[in-house]
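Asker: Sharing a sequence plus its predicted fold:
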Amino acid sequence: MASRAAAAVLVLAALICAAHSSAAAEGLSRSFHAASCPELEDIAGSLVAETFRRDVGVAPALIRILFHDCFPQGCDASVLLTGNNTELNAVPNQTLRPVALDLIERIRAAVHAACGPTVSCADITVLATRDALVNAGGPHFDVAFGRRDALAPASQDLVDTLPAPSFDVPTLISSFGNRSLDVADLVALSGAHTFGVAHCPSFSDRFTPNVDLNPLIDPLFARRLRAKCAKDVPQGTVNQTLDVRTPDEFDNKYYFDLIVRQGLFKSDQGLIDHPETRLLASRFALIQSAFFRQFAKSMVKMSNMDLLTGTQGEIRQNCAVPNRRVEGIETANDEGHTAAIAGVPRHWGPGNGRRGRQDHPGPAAAEQAGISNPSAVVHHAYQAPPMPAFVAPPMD
């Protein structure tokens, strides 16, 4: 009887999760823009491929933008808004790459020129990310459309929920769980660190003496990181590849890096040690197709979280600027993601219940805005030693 009751509880929990997932994606459809903008995927695919040929780093940059957009309050393109008191000014978002922000806006301009203002920046961000992932060798996943754009940025409190590279695994599991993302989503989405770069301050705890050395790091790897980051003057001008073996390809080598103790972030390296994540991280290291399947599934799940649909939000006519001014946000009188930012103090009103979202615009027309390009960075890639034979960690 007890076993039947336990089984019933598990079935009920599964049904609740399925209902939540269905509700999150309500209003979306793969054919949402089929009549209003049949050229959408061709336009986006062409511009993404052109940009990727010039700069392969646009792929990890887009995935990072999407994650930083979706995690705080849902996939609503709020992270694209520029001006004082916007998400782009928050510390975790200050290194989002202008090339990717600019690509999203260029796609929007081309799509709106062809079809009119029928496609949101939120939809374009998900689509561009999917296409860039495929260009980098990653898995294809179907994109359902119908998202609408936020009228205001996420609050600082919500931006602060973004997982940090210093998090241990229990904290990561809790952080992802708060967004209805499970352990499989955590381990798979962390695999996005199989390409891209990081700045020294984000991983200095991995090689600094007298700092927590749990999880362990390969001593040679730590010495080389320490030597490289000693040249990081001014701070943030030296980059390190996240995956030292195939830094520009989307593959499963990231998980092998963890096995040989060359995970760059504490949040990454812990996945191969913790009992709740070790088996799956090891499986992904052994079977790339298993990683790809779960990554595609988790990307769909994440990109359908807490959406604005129907008459909620708006379809922006510039991804960096709401169509009407939002109280507390002042933007520069210029276009795109290459302009300077100006601003005034923020005065937030009450949210509408979606993780504290503030979606009530002020009456004035919005000015156009952008962000200035950050200083150029120096890229000194760590050269990995030859890959040794794979030895899986204990799985007990």
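Answerer: Okay, I see it.
Asker: so who does the nearest residue to Lys301 once chain neighbours are set aside touch?
Answerer: Nearest non-adjacent residue to Lys301, counting by CB to CB, 6 or more residues apart in numbering: Asp185, 6.3 Å away. Every residue, glycine included, has its C-beta placed from N, CA and C. Shown in contact with Asp185 (CB atoms under 8 Å, 6 or more residues apart in numbering): 176, 298, 301-302.
Asker: what's the spacing between the host helix or strand of Asp185 and its chain's center?
Answerer: In the assignment (DSSP states H and E), Asp185 maps to helix 183-190. Helix 183-190 sits 13 Å away from the centroid of its parent chain (CA atoms, centre = their mean, to the nearest Å).
Asker: Quick check: mean pLDDT of it?
Answerer: The average of the pLDDT scores along helix 183-190 is 98.
Asker: ok, now stretch 300-313?
Answerer: 96.
Asker: buried sites along it?
Answerer: Residues of stretch 300-313 classed as buried by neighbour count (16 or more other CB atoms under 10 Å): 300-309, 312-313.
Asker: and what of stretch 127-139?
Answerer: Neighbour count says stretch 127-139 has 127-136, 138-139 buried, by 16+ other CB under 10 Å.
Asker: if we look at it, which residues are touching it?
Answerer: 40-41, 44-45, 47-49, 52, 56, 58-60, 62-63, 65-66, 103-104, 107, 140-141, 143, 145, 195, 248-251, 292-293, 295-296, 299.
Asker: then that stretch to PDB, C-alphas only?
Answerer: Taking Å, rounded to 0.1, in the frame of the first residue of the first chain, the C-alpha atoms of stretch 127-139 are listed here in PDB:
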ATOM      1  CA  LEU A 127      16.100  31.900 -32.900                       C
ATOM      2  CA  ALA A 128      19.500  33.500 -33.400                       C
ATOM      3  CA  THR A 129      20.900  31.500 -30.500                       C
ATOM      4  CA  ARG A 130      19.700  28.200 -31.900                       C
ATOM      5  CA  ASP A 131      21.200  29.000 -35.300                       C
ATOM      6  CA  ALA A 132      24.500  30.000 -33.900                       C
ATOM      7  CA  LEU A 133      24.600  26.900 -31.800                       C
ATOM      8  CA  VAL A 134      24.100  24.800 -34.900                       C
ATOM      9  CA  ASN A 135      26.800  26.700 -36.800                       C
ATOM     10  CA  ALA A 136      29.200  25.900 -33.900                       C
ATOM     11  CA  GLY A 137      28.500  22.100 -34.300                       C
ATOM     12  CA  GLY A 138      25.800  21.900 -31.600                       C
ATOM     13  CA  PRO A 139      22.400  20.300 -31.700                       C
END
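Asker: Narrow the contacts of stretch 127-139 to those in helices?
Answerer: In this view, those that belong to helices under DSSP state H are 40-41, 44-45, 47-49, 52, 58-60, 62-63, 65-66, 103-104, 107, 292-293, 295-296, 299.
Asker: Out of these, which end up buried?
Answerer: Looks like the ones in helices among the contacts of stretch 127-139 have 40-41, 44-45, 47-48, 52, 58-60, 62-63, 65-66, 103-104, 107, 292, 295-296, 299 buried, using 16+ other CB under 10 Å.
Asker: ok, Phe265 to Cys121 distance?
Answerer: 29 Å (CB to CB, to the nearest Å).
Asker: of the two, who's got more company?
Answerer: Set side by side, Phe265 and Cys121 show more neighbours around Cys121, with 29 against 21, by other CB atoms under 10 Å.
Asker: my guess is that one contacts His112, does it?
Answerer: No: in this structure, Cys121 is not within contact of His112 by CB atoms under 8 Å, at 10.2 Å.
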